[in-house]
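[1] all I have is the shape, not the residue letters:
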């Protein structure tokens, strides 16, 4: 009897398709707690100092935003770093 199909099914069940938390450079984002807010998707996370922050992505325009000091939102911009571009791609393609 061929055990390969059983092994493949077991692996697909055991390994989730999307990790709940992901690391992008120094940031850790929790995709499991992401929420759609208006036209954007907001993902909570923490910075290297373990301070909470939020990342927002506007997929229709491929724009990126984040909370800074005092939890205030910055302006919408195109991704400025490779990590921001990867966040936008992952949010828009997997959530």
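    Arrived safely, thanks for sending. Note that the coordinates shown come from a computational prediction; the quantities given were computed from them, not determined experimentally.

[2] now find how far off-centre the longest helix seen in the chain is within its chain.
    Scanning the chain for the longest helix, with DSSP state H as the assignment, gives helix 82-94. Relative to the centre of its chain, helix 82-94 is centred 7 Å away, using C-alpha atoms, centre = their mean, to the nearest Å.

[3] try stretch 81-95
    The answer for stretch 81-95 is 7 Å, by C-alpha atoms, centre = their mean.

[4] buried stuff in it?
    For stretch 81-95, the neighbour count (16 or more other C-beta atoms under 10 Å) marks 84, 87, 88, 90, 91 as buried. Bear in mind the C-beta positions are built from the backbone N, C-alpha and C, glycine included.

[5] equivalent analysis for stretch 69-83, please.
    residue 79.

[6] same question for stretch 47-65.
    Within stretch 47-65, the residues that qualify as buried by neighbour count (16+ other C-beta under 10 Å) are 53, 54, 55, 56, 57, 58, 63, 64, 65.

[7] tell me where the protein is predicted with low confidence.
    Across the chain, the ranges flagged by pLDDT under 70 are 1-19.

[8] the helices in it, which residues?
    Under DSSP H, the chain gives helices at 4-14, 82-94.

[9] of the buried residues of stretch 47-65, just say which sits nearest to residue 22.
    For residue 22, the nearest member of the buried residues of stretch 47-65 is residue 55. The distance, counting by C-beta to C-beta, is 10.8 Å.

[10] who's the closest one bridged to?
    residue 43, residue 66 (DSSP bridges).

[11] gap between residue 62 and residue 76?
    10 Å (C-beta to C-beta, to the nearest Å).

[12] what does the longest helix of the chain contact?
    The contact list for helix 82-94, computed with C-beta atoms under 8 Å, 6 or more residues apart in numbering, reads 18, 22, 24-25, 27, 29, 31, 34, 41, 43, 55, 57, 59, 62-64, 79.
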